[in-house]
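Participant: One predicted model, sequence on top.
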Amino acid sequence: MQSFRTELENLDNPVVEQDIIDLAAKIEKFRGGDIDPDKFRSLRLARGVYGQRQPGNQMVRIKIPFGKMSVQQLRRIADISTEYGGGNLHATTRQDIQIHYVSLDRTPELWAKLEQDDITLREACGNTVRNVTASPIAGIDPNEPFDVSPYAHATFKYFLRNPICQAMGRKFKISFSSSEKDTGISFIHDIGFIPKIKKVDGKDVRGFKVMIGGGLGAQPSPAVKAYDFLEEDQIIPFTEAMLRVFDRYGERKSRVKARFKFLLAAIGIDEVMRLIQEEWKALSTKSYKIDTNAMESPVLPASMAFSDKALINPEKFQLWKETNVHPQKQDGYYYVEVKVPNGDIKSPKAHAFGDIVAKYAADDIRVTVNQGYILRYVREDSLKSLFTELDDLNLANPGFDSTADIIACAGTDTCNLGISNSTRVALELEKVIETEYPDLIKNNDIKIKISGCPNSCGHHGIASIGFHGSSLRNKATKKVLPAVQVLLGGGIDSDGNGFIAEKVIKVPSKKAPDVLRVLFNDYDDNANEGEYYAAYFQRQGKDYFYQLLKFLADTENVVASDYIDWGKEEQFAVETEVGECAGVIIDLFATLMYEAEEKSVWAKQAYDLGSIADSIYHAYNVFINGAKALLVDKGVVVNTQAGIMKSFDEEFGSEFSSVVGSSFEEFVLRINQNEPTPAWAEQFIAEADAFLAKVKEVQVKEAEAV
């Protein structure tokens, strides 16, 4: 604990300091049995601490806004992984970095050390706004109308610790693409922003096409267009209003139905937009101008650097240059893509990698959604030297983001939800490509993505050829063997149109390499010249591919090794547990009252700090949590905040008329009918406290009547 306090002394942000102190205090109370385990789980998830498959170990997810990281931050994360975890940096499909095998009790100290280099864990997991992602070539993309990096950064900062998105029904994801090619994959996000420029009175005005309601998981849905053009100062107000709608009307009981895409499907785009407009009056700002000059210019190497090592593999260099090196929109500079198998770099290699970046590129590393890295502002004269030093670290493999660059989530290695192995399958499939189909290293159309379960952390739902972990039962022997579900036809075409992959067939995991061979050979034999794989899949149809792969699904011909998962030695068994990525639902009266009282304190603190809109929203949550506590105590099932208000009127309306009048719902929803002024905040907070006192009084009477 003394070391933890020492680390806090090196921080200069009292909000962050208090956040870390609170985490440490909650861990101590949890260890002492004073906090419900489910409540504690929800709290730590919102601080990036996620339970691993291995008991007693935590995965810590580090939030890297839009994937932008300095060399110093990379070194800091590497040091943290060595000191507190397993010594590995795992890049994710949301441009985060995860470290594994961390002790829960050491997470406050770990967090404090990360914050010394402006790195946060806050809201990297849980029912919050997750990491805001963006195209990793934003700012250097020759096709971009403007750099979206400042907009992604401003969005991240605005919603970090924002009370409207701390305890939603499920997670919420935001992306920024750099151009109409949808390099940020907007079509699978809750909100996706695509930059555009529009002529208004003869002047260029910046704005965004806005896509909403996308998502993957077991039931993927493509986003729909909310705006063809929304001016730049409106994107944060729009996002805030949409989050308020999701918080109020989104599902909270059924985890599988709690994403925004289900709310959109249930009520439709017109009603969603009407509800967003209904929230507008209560917003703290109706126009949020983003300072596009706030981000510092990239720091370039002080002088031209050259390696003293000879180029010993010119053929590999040429292939690397062809597949991993591209001109920036800035004349004379190139960006270089670094392929990382499974997104994993050990800490010593990460340090050496950082040293290379400092010599040859800008101090602006971008983590990519395909679990690699992009280096920026590399001079052409430095490419041979850069390649040589990267190659010494085995980081100069050609074929970045090609068919040979397979995405895979951590799966059964560490995740509770993993069904069958994903990381080893990826490595085996890459071997097939490199040894049998080497030309596919140059193919940027066919993308292979693997997840350990249906939840699509490995983005299998948008793969040209996707796999997710599953199991099969041999009808003859009754034994279970590891399997993969094969999905085909997903991706993004050259015009930026997105496609969701379709499930085709389930085969034993050990047959996955043969699936690739069959599909590659079929495509080579039957595709039209220049035909994209998604188009080929649509032309041939799902049943064509089912019949093509059917023989591989036959369990009558399996051998003993088929019952052993990749990378394992023992007989396969399904060993999943309850996953934590979406947080949990807490329905205990005491826990809900604890939350209500906590929100009451936060409301007063925010008011005293001048954060008027925040104080009002905290007070709103006092009403919601207090009402839910009574309903739960009475056994009433409630699925949404809107449902809580309606059910509360039905069950307790008469008892609370002296406090809230004739309608609890109307009383609470005054939050949408008033500007966030200090006078209104003071009144609403006082009314919330009176309501909470009444809740306690009624609960005592209910308990005595039983």
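Facilitator: Everything's here; your move.
Participant: buried residues in stretch 672-690?
Facilitator: Along stretch 672-690, the positions that meet the burial threshold by neighbour count (16 or more other CB atoms under 10 Å) are 672, 676, 680-682, 684-685, 687-689. From N, CA and C alone the C-beta is placed, and that goes for glycine too.
Participant: Report the rounded mean pLDDT for that stretch.
Facilitator: Mean pLDDT, taken over the full extent of stretch 672-690, equals 95.
Participant: Now do Pro145 against Lys181, distance only.
Facilitator: Applying CB to CB, to the nearest Å, one obtains 12 Å for the distance of Pro145 from Lys181.
Participant: still on that earlier bit, closest to Ala167 out of the buried residues of stretch 672-690?
Facilitator: Of all these, the one with the least separation from Ala167 (CB to CB) is Ala688, at 16.1 Å.
Participant: Isn't the closest one up against Ala619?
Facilitator: Yes: A contact is recorded between Ala688 and Ala619 when judged using CB atoms under 8 Å, the distance being 4.2 Å.
Participant: Can you work out which residues contact both of these two?
Facilitator: Residues within reach of Ala688 and of Ala619 at once, by CB atoms under 8 Å, 6 or more residues apart in numbering, are 600, 603.
Participant: what about the strands in the stretch 51-200 of the chain?
Facilitator: In the stretch 51-200 of the chain, the strands defined using DSSP state E, counting those that start in this stretch lie at 58-62, 68-69, 88-91, 97-102, 133-134, 174-176, 191-200.
Participant: For these, give me JSON lines that also has distance to Glu430, mean pLDDT and mean neighbour count.
Facilitator: Below are the strands of the stretch 51-200 of the chain laid out as JSON lines (distance: least, CB to CB, whole Å; pLDDT from 0 to 100; neighbours: other CB atoms under 10 Å):
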{"stretch": "strand 58-62", "distance to Glu430": "24", "mean pLDDT": "94", "mean neighbour count": "26"}
{"stretch": "strand 68-69", "distance to Glu430": "25", "mean pLDDT": "97", "mean neighbour count": "23"}
{"stretch": "strand 88-91", "distance to Glu430": "16", "mean pLDDT": "96", "mean neighbour count": "24"}
{"stretch": "strand 97-102", "distance to Glu430": "21", "mean pLDDT": "95", "mean neighbour count": "23"}
{"stretch": "strand 133-134", "distance to Glu430": "24", "mean pLDDT": "97", "mean neighbour count": "30"}
{"stretch": "strand 174-176", "distance to Glu430": "27", "mean pLDDT": "98", "mean neighbour count": "29"}
{"stretch": "strand 191-200", "distance to Glu430": "29", "mean pLDDT": "95", "mean neighbour count": "20"}
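Participant: Mind checking the ones you listed for the one nearest to Leu121?
Facilitator: strand 58-62 (6.2 Å).
Participant: Would you give the sheet partners of the closest one, along with the direction of each?
Facilitator: The strands that strand 58-62 pairs with in its sheet are strand 49-51 (antiparallel), strand 97-102 (antiparallel) (by DSSP bridges).
Participant: Filter the buried residues of stretch 672-690 down to just the ones in helices.
Facilitator: Of the positions in these, 680-682, 684-685, 687-689 sit in helices, assigned by DSSP state H.
Participant: farthest pair in the residues you listed?
Facilitator: Using CB to CB, those reach their maximum pairwise distance at Trp680 and Asp689, which is 15.2 Å.
Participant: ok, and what's touching stretch 255-262?
Facilitator: By CB under 8 Å, 6+ apart, stretch 255-262 touches 169-172, 190, 212-215, 217-219, 221, 242, 246, 250-252, 582, 585.
Participant: I'd like to know which of those residues are part of strands.
Facilitator: Mapping the contacts of stretch 255-262 onto strands (DSSP state E) picks out Ile212.
Participant: CSV for the strands of the stretch 51-200 of the chain, including distance to Phe387?
Facilitator: Rendered in CSV, the data for those read as follows (distance: least, CB to CB, whole Å):
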stretch, distance to Phe387
strand 58-62, 29
strand 68-69, 22
strand 88-91, 21
strand 97-102, 24
strand 133-134, 27
strand 174-176, 30
strand 191-200, 32
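Participant: quick one, which of these is nearest to Ala358?
Facilitator: Comparison of these against Ala358 by CB to CB identifies strand 68-69 as nearest, at 12.8 Å.
Participant: And stretch 472-483, how far out from the chain middle?
Facilitator: With CA atoms, centre = their mean, to the nearest Å as the basis, the distance from the averaged C-alpha position of stretch 472-483 to the chain average is 34 Å.
Participant: What's the end-to-end length of that stretch?
Facilitator: Distance across stretch 472-483, first residue to last, is 6 Å (CA to CA, to the nearest Å).
Participant: do the same with stretch 638-657
Facilitator: Calculated as CA to CA, the first-to-last residue distance of stretch 638-657 is 21 Å.
Participant: Flag every buried residue along it.
Facilitator: Neighbour count says stretch 638-657 has 638-645, 647-649, 651-652, 656 buried, by 16+ other CB under 10 Å.
Participant: With distance to Ser494 added, can I get these in JSON lines?
Facilitator: Formatted as JSON lines, these follow (distance: CB to CB, whole Å):
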{"residue": "Val638", "distance to Ser494": "47"}
{"residue": "Asn639", "distance to Ser494": "42"}
{"residue": "Thr640", "distance to Ser494": "41"}
{"residue": "Gln641", "distance to Ser494": "42"}
{"residue": "Ala642", "distance to Ser494": "42"}
{"residue": "Gly643", "distance to Ser494": "45"}
{"residue": "Ile644", "distance to Ser494": "47"}
{"residue": "Met645", "distance to Ser494": "48"}
{"residue": "Ser647", "distance to Ser494": "50"}
{"residue": "Phe648", "distance to Ser494": "53"}
{"residue": "Asp649", "distance to Ser494": "54"}
{"residue": "Glu651", "distance to Ser494": "56"}
{"residue": "Phe652", "distance to Ser494": "58"}
{"residue": "Phe656", "distance to Ser494": "59"}
